[in-house]
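Asks: Sequence and predicted model, in that order:
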Amino acid sequence: MPLNSSVVGVVGLGSVGLPLLALLHTAGHEVIGVDQEADVLARAERWMKARAAVGEGPAGGYTLTNDTVALVGADVVVEAVPEDLAGKTEVLRRLHAVCLDGAVLVSTSASLSLPQLAIASGRPARTLGLRMLRPPAPGGTVELLCTAMSSDDAVAALEALLDGIGLAAAAP
């Protein structure tokens with residue numbers, strides 16, 4: 001995955017998803033933000049425009065939508081929806097159905113079973129976890145979570161992505 005040309009999606013544009021989307025965008029990735037709430041999408045649009053206006057990110061290169069089909073060409077998709085097993089499982093299953101076979105799916109679950117989420121996603125070898133203690137920012141540290149099912153190339157792709165946006169991946 002070329003570092004500054006990959007397409008990265010984020011589903012759930014709340015306190016974790018929106019800062020992550022902005023960080024990815026600032027690093028040069030084409031980003032696609034997905035949220036089901038119109039007011040959340042409007043807030044995300046205002047935030048992205050405000051960042052561009054003060055030079056904290058490019059003016060274009062991002063898409064905000066309520067349609068997960070927009071993620072069809074994404075190389076990596078991060079699920080950042082509220083901490084609910086049924087909700088996260090539904091999102092991961094939908095992503096499996098929409099995304100290309102090589103896409104890496106990433107859950108931001110802080111407490112749910114990653115193996116359970118990976119199996120439920122339909123692509124256990126390409127579903128990883130990312131745990132953040134605070135909203136992502138350059139120079140921050142995140143936990144990259146794997147399972148016994150995780151493929152080495154999926155892990156390497158996520159490590160490269162994190163490194164490229166200035167986040168250090170630490171093992172839990």
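Replies: Done, it's in.
Asks: what are the ranges of the helices in this structure?
Replies: Along the chain, counting by DSSP state H, helices occupy 17-26, 38-53, 85-98, 114-121, 152-164.
Asks: Contacts for the longest one, please.
Replies: Read that as helix 38-53. 13-14, 18, 21-22, 25-26, 33, 35, 57-59, 62, 64-66 (Cβ atoms under 8 Å, 6 or more residues apart in numbering). C-betas here are computed from N, CA, C, even on glycine.
Asks: the inter-axis angle of that helix versus helix 17-26?
Replies: Here helix 38-53 runs at an angle of 40 degrees relative to helix 17-26 (axes from the mean of the first three to the mean of the last three Cα atoms, to 10 degrees).
Asks: just the last one next, same as before
Replies: Interaxial angle, helix 152-164 versus helix 17-26 (the same axes, to 10 degrees): 80 degrees.
Asks: And for the third one?
Replies: Here the directions of helix 85-98 and helix 17-26 differ by 30 degrees (the same axes, to 10 degrees).
Asks: buried set for helix 85-98?
Replies: Within helix 85-98, the residues scored as buried using 16 or more other Cβ atoms under 10 Å are Lys88, Thr89, Val91, Leu92, Arg94, Leu95, His96, Val98.
Asks: Single out the most deeply packed of the helices of the chain.
Replies: Across the helices of the chain, the average number of neighbours (mean count of other Cβ atoms under 10 Å) peaks for helix 17-26, which reaches a mean of 24.
Asks: helices or strands next to that helix in the packing?
Replies: strand 7-11, strand 30-34, helix 38-53 (3 or more Cβ pairs under 8 Å, 6 or more residues apart in numbering; DSSP states H and E).
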